[in-house]
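> build the 3D model from these lines:
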Amino acid sequence: MDDLLEMQACNLMCLPENYQMKYYFYHILSWPQLLYVAEDYGGKIVGYVLAKMEEESSEPCHGHITSLAVLRTHRKLGIATKLMNAAQNAMEGVFGAEYVSLHVRRSNRAAFNLYASTLGYKIHDVEAKYYADGEDAYDMRKQLKGRQQQQQISRGHHHHHHHGGGCCSGEAKLVGTGSGAAASSEGKDSSMENKGCSFWDSKNMGKEIGGAYQEIMW
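The predicted model follows:
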């Protein structure tokens, strides 16, 4: 429960979009594989990513980043990138997601640059007056690499075999969670060690809900 309160405090300090405690519980109980936190070595949560799976019948299976926050004192160390990569890898490896979506304020240039330049998201649409204060949002999406590779292989297979083989949506899940889940993150290990941060896959987010933490170190 303390961890949930720290996550909520981090959210309140960093973002204007805030949530009631029941919303965190909903995510944790529904998609425990998609919630990651970064802690300093004193055990304080300094960042988190909250994500979920979207299952609308009109869209392919995909994940959505609900909220990402890193305390100002721990920014520019690659923490947000590592949290995002861990969540994306879990979406693909555990749930077979084809892409990831998120919303970002048009005025939030720092976040937009992270998503577009560092993480490879592209603008899919602009949603007018998406936020409570009337600001527009960019609807951004990223195709997951494993799915791109699978589609390319499938296209080649159909071409050479005259559509004789199948390419089902669940054939290949290339990346999973665990200690190597975000190994592709940029190498900023020395900076991370100087700040004293560790990363946790909050698989059931605390002993109160059940299950042990799984540590992810870079």
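
> all strands for the protein, in order.
For the chain, applying DSSP state E gives strands covering 35-40, 45-54, 62-70, 99-105, 122-127, 137-143, 197-201, 214-216.

> by how many degrees do the first one and strand 62-70 diverge?
Angle between the axes of strand 35-40 and strand 62-70 is 20 degrees (criterion: axes from the mean of the first three to the mean of the last three C-alpha atoms, to 10 degrees).

> ranges for the helices of this protein?
Secondary structure of the chain (DSSP state H): helices at 2-14, 21-30, 79-95, 109-113, 145-160, 189-195.

> counting contacts, what elements does the first one pack onto?
Helix 2-14 makes packing contacts with helix 21-30, strand 45-54, strand 62-70 when contacts are defined by 3 or more C-beta pairs under 8 Å, 6 or more residues apart in numbering; DSSP states H and E. Every residue, glycine included, has its C-beta placed from N, CA and C.

> low-confidence stretches in this structure?
The model of the chain has pLDDT under 70 over residues 1, 146-218.

> mind doing that once more with 50?
For the chain, the stretches with pLDDT under 50 are 158-196, 202-218.

> nearest to residue 88, of the helices and strands packed on helix 2-14?
Across the helices and strands packed on helix 2-14, residue 88 has its closest neighbour in strand 62-70 (7.3 Å, C-beta to C-beta).

> hmm, who's touching the closest one?
Applying C-beta atoms under 8 Å, 6 or more residues apart in numbering, the contact partners of strand 62-70 are 10-11, 13-15, 17, 19, 27, 34, 38, 46-54, 79-80, 83-84, 87-88, 91, 95, 97-102, 111.
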